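Visitor: here is a sequence with its predicted model. Questions after.
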Amino acid sequence: MSQNNAVLIIPSLNPDQKLVDVVKEASEVFGDIIVINDGSKKEYDGIFEQIKIAHGDKIHLLIHEQNRGKGCALKTAFDYYLHSDLSKKYLGVVTMDSDGQHSVEDAKSLDEKLGEKHERALHIGHRDLNSPVMPLRSKFGNKATAFLFRFLYGVKLKDTQSGLRAFSNDIVPWLTEVNGQRFEYEMNVLIKSKDADLNVYEHQIETRYEKEHKSHFRSLNDSFKVMKVLFGGIAKFVFAALCAGIFDLGLFYLIDYIIIGDKMAVALSLLIATTVSRAVSSVVNFLVNKFITFGGKKTPKRSIIKYYVLWLFQMGASYGLVLAFTSIFGGGEFWIKLVVDLLLSLFSYRLQLTWVFKRKNEEKEVSSAV
C-alpha cells in the first residue's frame, strides 16, 4: 500500500499555469496523479507535456481528442483506475479541480479521511457558503441548490457543488455507470448515492475564489442540465401524481356529477365521491411511487401502513377543504378539488420521501467533520 490512500484525479480543459502549480504541489503529497486533458486546444499541449516531463511516472495523462465534459473526463479516469494496477495499490480516489479552487492540503485531508473510513464511502469537502470571499452569485446559487437538494431528496448537504471529493474502491465501478457528461454528473452522483446506500461524510475545507477565476461552466446550458437532474426526482413524483390524479378526478367527476348528481346533500355527495376516488387512486399512486419515484423493490409492511396513514390524512384534508371552499363559492367543487389536491401533493411528496419510503439505513444524517 502506498504512503497515501488514494490516487488524485484532476480533469482539465484549456488549463493555465495554475494546473502546473497544482500538480507540482500535489506530486509532493500523492504517489500517483491522473490528469485528463478533456479536448483542450492544441496551444495548451505544452502545459500537459510540461507536467508529464516534470513528474514522470507519477503522472498518468489521459487524453480526449474532443471536449466531452467534466463528467466524461471523470469517468474516463475512474475506468483507467479500475483497469490498472492503481486500484490494487490504493483504497480509492480523490477528485479535485485544476483551477486552484481547491487546495492540495484539503485534498490530502480527504485522502486521510478516506483512510479512516473506506467502506462504500463518499467524502465531500464542503466550503463555507457564508464566506466573504465567495461571490454573491455563487453564494446564492450554492445555497439555493443545497436547499432544493434537501427538499427534493431529503438529504442535508452543506455543499452540493463541491468538486473536491473522495471515493472508496468499492464504489468506483458504480461511478462509471452514473449518468451525466458535464457538470450535471457530479449532482447526479449525489442524487444516486442515496439509492446506492453510500456512506456520505462532509469535511470543511478552505473557501477559495479569485477575481480572475476562469470557469468552463457554461451558464445557461450547464445550469439547465444541473436543474434537469436536480428536479428529476420530483418529475417522477409528478408523473405518479398525474397517473393517480386521472383516476381520482375521473372517478370523482363520475360519482359526484353523474351518478349522485342532486340526489344527496353536497356534504354527503362529496364524502362518497372523495372516499371512492381516493381509494382507487391511492393504489395507482402507491405502485408508481414505489417502483418509479423511490426505486423500491420490496415494500416493508411499515411503509404500507405509513402510506395509508398519510392517505387518510390527505383524504380528510381534501374533503374538508373542498367542502369549505365549495360552501364559500357556492359550487365548483371539481376545480376546487383540482387546486387543493395539487397543493396537498407537494406535502405528500415530502412525507413519502422522508417517512413512508425511507429505508432504515437512511435514518442517520450525513456525518460532518471540520
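Guide: Okay, I see it. Numbers count the residues shown, from 1 in each chain.
Visitor: which residues does the most centrally placed residue in the chain contact?
Guide: With distances taken as C-alpha atoms, centre = their mean, residue 191 lies nearest the centre of the chain, 2.6 Å away. Neighbouring residues of residue 191 by C-beta atoms under 8 Å, 6 or more residues apart in numbering: 149, 153, 229, 230, 232, 233. Using the backbone N, CA and C atoms, a C-beta is placed for each residue, glycine as well.
Visitor: among the residues you listed, which are in strands?
Guide: Among the contacts of residue 191, no member falls in strands (DSSP state E).
Visitor: emit the PyMOL select command for whichever of those residues are buried.
Guide: For the buried members of those, the matching PyMOL selection, counting by 16 or more other C-beta atoms under 10 Å, is:
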select buried, resi 149+153+229+230+232+233
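Visitor: which of the contacts of residue 191 lies closest to residue 52?
Guide: residue 229 (34.0 Å; C-beta to C-beta).
Visitor: just the pLDDT for the closest one.
Guide: On the pLDDT scale, residue 229 is placed at 71.
Visitor: could you look up the SS state of residue 84?
Guide: Assigned with DSSP: H, G, I helix; E, B strand; the rest coil, residue 84 falls in the coil class.
Visitor: need the contact list for the closest residue to it other than its chain neighbours.
Guide: Nearest non-adjacent residue to residue 84, counting by C-beta to C-beta, 6 or more residues apart in numbering: residue 60, 7.8 Å away. The contact partners of residue 60, by C-beta under 8 Å, 6+ apart, come to 32, 33, 34, 35, 80, 84, 86.
Visitor: repeat the analysis, applying 7 Å as the threshold.
Guide: By C-beta atoms under 7 Å, 6 or more residues apart in numbering, residue 60 lies in contact with 32, 33, 34, 80.
Visitor: residue 273 too?
Guide: 252, 255, 256, 260.
Visitor: where's it, which helix or strand?
Guide: Secondary structure from DSSP states H and E places residue 273 in helix 266-288.
Visitor: how distant is that helix from the center of its chain?
Guide: The chain centroid and the centroid of helix 266-288 are separated by 33 Å, computed with C-alpha atoms, centre = their mean, to the nearest Å.
Visitor: then stretch 63-79?
Guide: So, by C-alpha atoms, centre = their mean, the centroid of stretch 63-79 is 20 Å from its chain's centroid.
Visitor: residues contacting the closest residue to residue 106 other than its chain neighbours?
Guide: In space, and not counting its chain neighbours, residue 106 is closest to residue 205: 4.0 Å by C-beta to C-beta, 6+ apart. By C-beta under 7 Å, 6+ apart, the contact set of residue 205 is 106, 125, 126, 127, 164.
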